[in-house]
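**Student:** Okay, sequence plus prediction incoming.
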Amino acid sequence: MRTIFDICSPGRIGVSLPGLDVPAHEGLPENLNREGDGGAGLPRASEGQVMRHFINLGSMNYHLDKGMYPLGSCTMKYNPKLHENLARMEGLAGIHPLCPDSHVQGTLELMHHLGELLCEITGFQGVSLQPAAGAQGEFCGIMLIKSYHESRNEPHRNEVLMPDSAHGTNPATSTLADCVVVGVESNEQGLVDPEDLRRKAGPNTAAFMLTNPNTLGLFESHIGELTSIVHEAGGLNYMDGANMNALLGIARPGDMGFDVCHLNLHKTFSTPHGGGGPGSGPVACNGKLADFLPEPVVVREEDGSFSLKRSRDSFGRLLAFHGHIGVLYRAYAYIMSLGAEGLREVSEAALINANYLKARLSGHFDNPFDHGPCMHEFVLSGDRQAKLGVKTLDIAKRLLDYGIHAPTVYFPLIVHEALMIEPTETEGLEELDRFVEAMISIAKEAEEKPHLVTDAPVNTPVLRLDEVKAVKDLCLVEPAAEEGDPE
Ligand SMILES: *Cc1c(COP(=O)(O)O)cnc(C)c1O
């Protein structure tokens with residue numbers, strides 16, 4: 001792929017600076033100078049060339065402003081530009097985290113109100129907006145639970161129970177928090193087996209960690225029984241709320257027997273993500289845990305002003321400052337512009353869209369956990385195609401040729417050749433149908449001309465990558481230019 005340096009030639013310049021109105025500084029070191037031998041090696045291209053270079057690179061990318069992105073578990077929804085504009089307003093984006101509280105009352109009030117709204121949505125009483133991602137929210141939740149057990153003189157409780165369908169971050173964060181992961185089995189319906197949970201919950205149980213709806217897109221219908229089993233054993237219940245897009249205004253973790261949950265603001269609440277941009281994974285909890293929340297939290301004083309307060313029992317800080325404020329602004333704009341009714345409609349539409357896709361695709365792909373309607377996502381299996389020599393990875397690559405982002409593949413681990421599909425509420429019927437038609441067409445190709453699928457992609461700027469080499473021989477920097485290369 002061409003880099004900016006490949007289109008350079010001596011003497012070209014992209015900007016015209018106004019004349020100096022101060023004396024020129026003499027003695028800028030040669031190596032920082034654009035001109036001359038041993039110069040800084042800056043690219044030499046015209047403004048038009050630079051513009052075209054980057055626009056062309058950008059348009060090779062696939063993104064939500066181009067088409068649907070049914071990446072299961074990631075809730076890749078279209079994010080309204082209104083929220084972008086708001087997050088960039090000078091008075092919001094330009095403040096410094098060390099400003100005195102009295103200078104940033106507006107932002108503190110917004111954070112306070114956002115916290116109240118998230119408590120309302122989850123059915124909880126305490127909240128921290130600090131965690132920088134879902135995974136850090138999980139870590140925060142487990143730290144709260146550990147602090148709780150320590151405060152009750154039960155520091156030995158260190159087992160975190162979780163189902164075999166859990167997202168990889170769940171065991172990772174529990175281990176990081178110095179806990180031991182204990183697996184709980186799922187039954188044929190794809191739901192947690194209460195009997196197995198009963199066998200495993202006991203005097204060492206710190207927490208039960210569950211995603212609901214689970215990673216198969218199924219609601220754990222006996223959730224009350226599951227959370228009671230854990231409470232009776234003296235443990236607490238943590239809900240991984242990354243799938244909250246299915247529940248807004250319909251069901252609340254706090255009402256299901258959970259003690260704490262995190263939300264992925266960058267999934268459910270309108271922040272573009274993917275590619276490693278900032279995230280936000282606030283944690284909401286009930287009264288048992290609120291005193292241990294990371295410091296500081298925003299409180300409303302008696303005179304109506306807002307300030308950042310530390311709590312005596314807090315387990316400490318998670319970030320240097322108060323959270324990824326730009327994501328919090330967008331989430332606030334999202335919630336306020338939709339209102340309570342609108343949030344419920346988001347989840348209802350997400351459920352309807354997923355069920356529409358499931359119904360249209362079920363005849364063409366295996367669906368091992370098809371025991372009725374799904375929630376906001378569902379998991380197909382590519383087993384039928386695998387018997388023809390076409391793997392799920394091939395199907396995912398072939399979708400790129402049809403101009404559509406692939407679903408999540410090979411997750412959750414309990415489904416063979418998994419294809420995890422989450423359309424979100426923001427796709428209309430035409431786009432859903434475009435996806436269905438591409439998938440059906442690929443299923444036919446697998447039967448009739450499988451090489452079309454196994455050779456894919458052929459229409460993308462980069463063809464099939466050697467995934468093993470990419471992992472084993474990772475190179476993230478531009479190889480150094482060799483002697484004699486054009487500048
Ligand atoms: C995305 C996700 C997470 C982790 O969230 P990050 O913000 O990526 O750290 C955890 N659990 C589930 C079910 C998820 O989908």
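**Tutor:** Structure's in. What do you need?

**Student:** residues contacting whichever residue of the stretch 1-150 of the chain sits closest to the ligand?
**Tutor:** Of all residues in the stretch 1-150 of the chain, Gly134 sits closest to the ligand, at 2.3 Å by CB to the nearest ligand atom. Just so you know, the C-beta spots here come from the backbone N, C-alpha and C atoms, and that holds for glycine as well. For Gly134, the contact set (CB atoms under 8 Å, 6 or more residues apart in numbering) comprises 169, 240, 242, 262, 264, 267, 279, 281.

**Student:** Which residue is the nearest non-sequential neighbour of the second one?
**Tutor:** Meaning Asp240. Thr211 (4.1 Å; CB to CB, 6 or more residues apart in numbering).

**Student:** Relative to Thr426, how far out is the one you found?
**Tutor:** 22 Å (CB to CB, to the nearest Å).

**Student:** So if I had to pick from those two, which one is more boxed in?
**Tutor:** It is Thr211, of Thr211 and Thr426, that has more neighbours when counted by other CB atoms under 10 Å, with 23 against 18.

**Student:** Pretty sure the more buried one sits against Ala246.
**Tutor:** No - between Thr211 and Ala246 there is no contact under CB atoms under 8 Å: 10.5 Å.

**Student:** quick one on the thing from earlier: dump the contacts of Gly134 to TSV, plus secondary structure.
**Tutor:** Formatted as TSV, the contacts of Gly134 follow (DSSP: H, G, I helix; E, B strand; the rest coil):
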residue	secondary structure
Thr169	helix
Asp240	strand
Ala242	coil
His262	strand
Asn264	coil
Lys267	helix
Gly279	coil
Gly281	coil
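
**Student:** Could you confirm Tyr148 falls within a strand?
**Tutor:** No - under three-state DSSP, Tyr148 falls outside any strand and is assigned helix.

**Student:** show me what contacts it?
**Tutor:** Tyr148 sits in contact with 236, 288-289, 292, where contact means CB under 8 Å, 6+ apart.

**Student:** Give me the below-cutoff pLDDT ranges for the chain.
**Tutor:** Residues of the chain that meet the criterion pLDDT under 70 lie in 1, 34-39, 478-487.

**Student:** Longest helix in it, please.
**Tutor:** helix 325-361 (DSSP state H).

**Student:** where's the next helix or strand after it relative to the chain centroid, distance-wise?
**Tutor:** Downstream of helix 325-361, the first helix or strand assigned by DSSP states H and E is strand 378-381. Relative to the chain's own centre, strand 378-381 is displaced by 20 Å; criterion: CA atoms, centre = their mean, to the nearest Å.

**Student:** what do you get for stretch 125-140?
**Tutor:** The mean C-alpha position of stretch 125-140 is separated from the chain mean by 13 Å, CA atoms, centre = their mean.

**Student:** What of stretch 72-82?
**Tutor:** Distance, centroid of stretch 72-82 to centroid of chain: 10 Å (CA atoms, centre = their mean).

**Student:** May I see the buried residues of that stretch?
**Tutor:** By 16 or more other CB atoms under 10 Å, the buried positions in stretch 72-82 come out as 72-80.
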